[in-house]
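Student: Pasting the sequence and the predicted model now:
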Amino acid sequence: MIRLFLPFLFLLLTLSSRGQSYQVVAVGFYNFENLFDTLDTPDVLDTEFSPDGTRHWTPDRYQEKLQNLARVVSEMGTDLTPDGPALLGVAEIENRSVLEDFVRQEAIAGRNYQIVHYDSPDRRGIDVALLYQPKYFQVIGSEAKTLDLDQRDGGKLITRDVLHVAGLLDGQEVHVLVNHWPSRRGGEKATRPLRNAAAALNYALADSIRQLHPNAGILVMGDLNDDPVNQSVSRHLKASPEKEEVKPGEFYNPWTTFFKKGIGTLAYRDAWSLFDQILVSESLLARADDRYFFYKAAIYNPSYLVQPMGHYRGYPYRTFDFDEYISGYSDHFPVVIYLVKPH
């Protein structure tokens with residue numbers, strides 16, 4: 001395994017119950033909700049997000065969307081670490097270009113976010129990606145894994161790839177799998193096998209990582225289009241809501257407790273769902289003196305991210321209310337976890 005040790009700047013967190021100081025890193029995920037450029041790209045279903053399209057997606061609106069998202073990311077996780085997310089998975093971005101525009105935004109430019117991105121075969125052109133701060137994380141490899149899915153009509157579902165990024169977090173090997181699973185369009189039950197297959201692919205990738213790198217930490221993150229209690233997550237990914245029940249080769253899901261309390265990251269027909277999740281491998285749960293381990297999880301939902309008016313009042317403050325531009329942020333709240341190491 002490649003080992004690289006660099007100087008790091010961390011906030012020291014004191015846990016009052018133990019009187020111990022810790023190095024802290026935040027890891028986040030955010031569905032950017034249709035971060036498209038303004039170009040009508042050939043062979044991509046993005047015409048609605050162009051100046052002459054149904055959304056009248058102008059350069060001014062695009063720039064405002066970038067600024068809004070950058071404000072959110074600049075504040076996520078800063079309650080425990082001033083640099084915010086060292087790693088940030090994102091979904092619903094059109095291409096690398098929009099991410100390059102995003103990381104240059106004034107609110108976050110000083111973090112020097114770098115980009116790992118591959119174009120996926122999704123017909124709308126939307127992809128997933130990983131942003132990382134190089135002072136915390138060094139990439140040692142990445143790949144996009146195709147999600148090969150059969151539909152009931154015998155055809156193939158063309159959807160987002162699973163992004164696998166391997167790297168060193170302060171010298172500690174960590175693998176990140178970034179996802180945006182198939183939607184529930186057509187009904188939750190009818191589309192359930194698609195998300196179960198996506199979960200199975202993630203589990204297989206994680207199992208392969210464990211075989212080659214038994215001590216590595218693994219994070220599965222994304223918009224899963226399923227809740228923590230659905231079988232894709234709980235059964236196929238073997239994600240448990242109880243740390244004590246997580247066995248080697250399984251995951252801990254800190255979001256189940258939120259969901260059972262009625263707390264979510266998106267809403268539909270006055271019901272909250274928690275599709276945005278970060279799952280933590282068993283190897284990142286045990287306390288250690290020389291390694292990062294899981295501390296806690298949070299949904300970032302300050303009042304300004306809650307829509308104050310319109311059809312979606314009380315929901316995450318989205319960019320459009322139907323086709324009316326309302327200059328919001330995203331129809332999802334972002335999520336963040338904190339990893340700590342004794343200092």
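Tutor: Arrived safely, thanks for sending.

Student: Packing partners of the lengthiest helix in the chain?
Tutor: The residue-count maximum for a helix in the chain (DSSP state H) belongs to helix 188-212. Applying 3 or more CB pairs under 8 Å, 6 or more residues apart in numbering; DSSP states H and E, one finds that helix 188-212 contacts strand 149-150, strand 162-169, strand 172-180, strand 217-223. In this view, the C-beta of every residue, glycine as well, is placed from N, C-alpha and C.

Student: Next, format the ones you listed as CSV and append distance to Glu106.
Tutor: Below are the helices and strands packed on helix 188-212 laid out as CSV (distance: least, CB to CB, whole Å):
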stretch, distance to Glu106
strand 149-150, 40
strand 162-169, 26
strand 172-180, 26
strand 217-223, 26
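
Student: hmm, back to that, return the set of buried residues in the longest helix of the chain.
Tutor: By neighbour count on 16 or more other CB atoms under 10 Å, the buried set for helix 188-212 is 191-192, 194-199, 201-203, 205-206, 209-210.

Student: List the single closest residue to His117 in space, sequence neighbours excluded.
Tutor: The shortest distance from His117 to any non-neighbouring residue, by CB to CB, 6 or more residues apart in numbering, is to Ala129 (4.0 Å).

Student: Could you list the low-pLDDT ranges of this structure?
Tutor: The chain contains residues with pLDDT under 70 at 1-19, 151-155.

Student: could you pull out the helices for it?
Tutor: 59-75, 96-103, 188-212, 231, 255-260.

Student: ok now the fourth one, how far from the chain's centre?
Tutor: Between the mean C-alpha point of helix 231 and the mean C-alpha point of its chain there is a distance of 20 Å (CA atoms, centre = their mean, to the nearest Å).

Student: In terms of secondary structure, what does that helix contact?
Tutor: Looks like helix 231 contacts no helix or strand (3+ CB pairs under 8 Å, 6+ apart).

Student: same question, the second one
Tutor: In terms of contacts (3+ CB pairs under 8 Å, 6+ apart), helix 96-103 is packed against helix 59-75, strand 85-93, strand 114-117, strand 127-132.
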